[in-house]
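Chemist: My questions concern the predicted model and sequence given below.
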Amino acid sequence: MERFFLLVLSGCLGVSRVTADSLSPPVNVTIKEVKANFAVVAWDIPEGDPVIGFAITQQKKDVRMLRFIQEVNTTTRTCALWDLEEETDYIVHVQSVSMSGTSPLSEPLRFRTPKEAETQASKNEVTMEEVGQATQLRAGELIIIVVVLIMWAGVIALFCRQYDIIKDNEPNNNKDKAKNSSECSTPEHPTGGLLRSKFPKNNNNNRLPSVNIIEV
């Protein structure tokens, strides 16, 4: 990408440029951004033109001096104008550049640079808008955080309630178990179970003689 700058005093010096008859001039030439000492020019190229660059002439209103800017080996459709004076009227023309020369001049674009104070005021307005948007985003984030915390608090409270219910039911279950155990117990076996006979089992092989005592 190559860029050339040239200041010309019209009537004193001349700039020779070859005009390509096949090229159409740029269209939709506009100013995208204007500040006190800075501006951005934008344009469109007709479809099919073999464009390899652009050329811009910048001139103050009612002043014979102009600035010539040329840039080749680029496909950009914008150009920054710098070192402008505040509260000054400017006239801009744009041309397309090809291998065979340049196109005719575009329609003249006129614009006026604002005061430095107005530029600062616009910056402050943009800053306030950004602060307002940031505040809205923070408020939304805080609302989401509060909702999540409330949900977690509800879950924890429900868990604690269920735990207390289970804990309160444990003594009742122990009492029921103790009651059932006492109903199955005997004097010989307090812990429950069947009462075993005190007498030994009779053995057919060692049968003892029976004795009958009769009192008179």
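Modeler: Nice, I can see it. Numbering: from 1, shown residues only.
Chemist: Now do the helices in this structure.
Modeler: 116-183 (DSSP state H).
Chemist: Quick one: low-confidence residue ranges for it.
Modeler: In the predicted model, the chain carries pLDDT under 70 at residues 1-21, 118-132, 171-216.
Chemist: Okay, buried residues for stretch 78-87 please.
Modeler: For stretch 78-87, the buried set under the neighbour-count rule, 16 or more other Cβ atoms under 10 Å, comprises 79, 81, 84. Every C-beta, even on glycine, is put in place using the N, C-alpha and C of the backbone.
Chemist: Could you single out the nearest of those to Ile166?
Modeler: Distance to Ile166, by Cβ to Cβ, is smallest for Cys79 among those, at 77.7 Å.
Chemist: returning to that earlier point: which of the buried residues of stretch 78-87 lies closest to Val97?
Modeler: Distance to Val97 across the buried residues of stretch 78-87 (Cβ to Cβ) is lowest for Cys79, with 12.3 Å.
Chemist: just checking, what's the longest strand in this structure?
Modeler: strand 89-98 (DSSP state E).
Chemist: ok, that one: who's next to it in the sheet?
Modeler: strand 53-60 (antiparallel), strand 101-102 (antiparallel), strand 109-112 (antiparallel) (DSSP bridges).
Chemist: picking up where we left off before, just send the buried residues of stretch 78-87 back as JSON lines, with distance to Phe68 too.
Modeler: Shown next, in JSON lines, are the buried residues of stretch 78-87 (distance: Cβ to Cβ, whole Å):
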{"residue": "Cys79", "distance to Phe68": "12"}
{"residue": "Leu81", "distance to Phe68": "12"}
{"residue": "Leu84", "distance to Phe68": "16"}
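Chemist: which residues does Ala139 contact?
Modeler: Listed by Cβ atoms under 8 Å, 6 or more residues apart in numbering, the contact set of Ala139 is empty.
Chemist: how close does it get to Gln133?
Modeler: 11 Å (Cβ to Cβ, to the nearest Å).
Chemist: and if you look at Val147?
Modeler: Distance from Val147 to Gln133, counting by Cβ to Cβ: 22 Å.
Chemist: swap in Ala157?
Modeler: Ala157 is 37 Å from Gln133, by Cβ to Cβ.
Chemist: re earlier: name the stretch among the strands paired with strand 89-98 that sits most buried.
Modeler: strand 53-60 (a mean of 21; mean count of other Cβ atoms under 10 Å).
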